[in-house]
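Student: the amino acid sequence is not available; the structure is as follows:
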């Protein structure tokens, strides 16, 4: 590794190099890099979406409903699982999107204890208007890796996620 290839994580780990076994240091370095990259991706995507008047969390919730074919609706519980949020957070987010006219919520006719959240035509239109902004930002942020490296990293991260979360 040349000095130009070193990053913040390398410098940080030098300071604590003698505290962990080599395999623990490698995992720690990967964990730090994944967290830093996730933070950078989220920050930059939010910055790109801001001029379009939509928050990243709004787009992510709308995207869950767009993917929920054919009726574009999900239970609040399914949204909790897909977005990895608490029930209170989902309730608050759905309430805000409902205020925008982008979703509706109603009781599930098959289980009155369950709430169904449905995408409105205005919500679908709003999502479709800004999906490309998010996709272009993601592509630009990760373009320093070529396609084969992106495929390899995707495969490796999928392996980790499946081991932690189970298969889809």
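Tutor: Happy to help now that I have it. Everything numeric in this text was worked out from a predicted model, so none of it was measured.
Student: let me know the pLDDT of the residue of the chain most remote from its centre.
Tutor: With distances taken from the mean C-alpha point of the chain and given as C-alpha atoms, centre = their mean, the most distant residue is residue 18, at 34.5 Å. At residue 18 the predicted local distance difference test score is 70.
Student: now do it against residue 9, distance only.
Tutor: When distances are taken as C-beta to C-beta, to the nearest Å, residue 18 and residue 9 turn out to be 17 Å apart. Every residue, glycine included, has its C-beta placed from N, CA and C.
Student: packing partners for the lowest-mean-pLDDT helix or strand in the chain?
Tutor: For the chain, scoring each helix and strand by mean pLDDT, DSSP states H and E identifies helix 8-15 as the least confident one, at a mean of 82. Using 3 or more C-beta pairs under 8 Å, 6 or more residues apart in numbering; DSSP states H and E as the contact criterion, the elements in contact with helix 8-15 are helix 22-49.
Student: got the buried residues for the helix it packs on?
Tutor: Using 16 or more other C-beta atoms under 10 Å as the burial criterion, the residues of helix 22-49 that qualify are 28, 32, 45-46, 48-49.
Student: what does stretch 112-123 give?
Tutor: Within stretch 112-123, the residues that qualify as buried by neighbour count (16+ other C-beta under 10 Å) are 115-117, 119-120, 123.
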